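Colleague: let's see this in three dimensions:
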Amino acid sequence: MDKRDYILFSDTFDVKDVDKDGKKFDRVSRIDGRSQTHDMSLVLDINSELYPVDAGDKFKLTLASSLSLGENKGFAKGDANWRSYVNNDERSLADDYDYVMFGRVYRYDDESGSKVSAFISYGGLLMCLEGDVRHLQNFVVGDSVYLLMKSI
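Modeller: Modelled structure (predicted):
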């Protein structure tokens, strides 16, 4: 299998605003972004101590169902330890990124026709990705998702 089989979404985002409604937690920032290619809007909570972001920054965002680059499909549903399958000697998709989170799709809104929203929780850090249904059709409530970010 090719790693493209695991990629659910990927685009470059411009950070439009950080904590526009005020900072709620010491080490968490909420970023608002707009994608450059697919015209998607993003609201994302990140650990700002591990991955600081400022308005005007650009980053590549990839959402994937697995971190594996090989035949191993990776994380199995219900597996409590997602790190267990990544062998230290084996490269993974995470090696090419600066910031990685693991979460689950908890809501998918498609009430407004061609515009849809996918909501993912990364252990309490939340994300809403909104845009054309073509770019979010592979998201299913309950599925596991890796978020990977890299500064540009």
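
Colleague: who does the top strand by length along the chain pair up with?
Modeller: What stands out as the longest strand in the chain, according to DSSP state E, is strand 99-112. If you go by DSSP bridges, strand 99-112 pairs up with strand 115-122 (antiparallel), strand 144-151 (antiparallel).

Colleague: those strands: which one's closest to L63?
Modeller: Between L63 and those, the shortest separation by CB to CB is 5.5 Å, and it involves strand 144-151. Yep, even glycine has a C-beta here, placed from its N, CA and C like the rest.

Colleague: that older thread, got the strands paired with strand 99-112 as TSV, with distance to L67 columns?
Modeller: Shown next, in TSV, are the strands paired with strand 99-112 (distance: least, CB to CB, whole Å):
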stretch	distance to L67
strand 115-122	14
strand 144-151	6
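
Colleague: out of those, flag the one nearest V18.
Modeller: Smallest distance to V18 across the strands paired with strand 99-112 (CB to CB): 13.9 Å, for strand 144-151.

Colleague: find me the pLDDT at F75, would you?
Modeller: Reported pLDDT at F75 in the predicted model: 50.

Colleague: before I go, just wanted to say thanks for your time.
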